[in-house]
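A.B. asks: I need the structure of the sequence given here:
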Amino acid sequence: MSRPKMLKLREVLEEIDMSRAAFYRMRARNQGPRLIKLPNGHLRVRRSDLDAWLSKGEELAA
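C.D. replies: Residues are numbered from 1 along each chain as shown. Okay, the predicted model is just below:
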């Protein structure tokens, strides 16, 4: 079984066209995709978590 695709925070911010500050403000409101903190302190987002979060946003907008 293959590992799920993990995106760097920079990649996520580029894809959703959002600044790091705006992303962290959104996270402070308990919104946004789930972040995973690696043992080295780097942050990652599973591709599947980002896709689910984006789909949820599309449903709310409809």
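A.B. asks: low-confidence ranges in the protein?
C.D. replies: For the chain, residues meeting the criterion pLDDT under 70 lie at 1, 58-62.
A.B. asks: Just the helices from it, written as ranges.
C.D. replies: Along the chain, counting by DSSP state H, helices occupy 9-16, 20-28, 47-61.
A.B. asks: Which neighbouring elements make contact with the longest one?
C.D. replies: With contacts defined as 3 or more CB pairs under 8 Å, 6 or more residues apart in numbering; DSSP states H and E, the secondary structure elements packing on helix 47-61 are strand 6-8, helix 9-16. For every residue, glycine as well, the C-beta is placed using N, CA and C.
A.B. asks: Dump the ones you listed into JSON lines; add mean neighbour count and distance to residue 39 as well.
C.D. replies: Shown next, in JSON lines, are the helices and strands packed on helix 47-61 (neighbours: other CB atoms under 10 Å; distance: least, CB to CB, whole Å):
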{"stretch": "strand 6-8", "mean neighbour count": "15", "distance to residue 39": "13"}
{"stretch": "helix 9-16", "mean neighbour count": "14", "distance to residue 39": "16"}
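A.B. asks: now the ones you listed as CSV including distance to residue 29?
C.D. replies: Putting these into CSV (distance: least, CB to CB, whole Å) gives the following:
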stretch, distance to residue 29
strand 6-8, 21
helix 9-16, 15
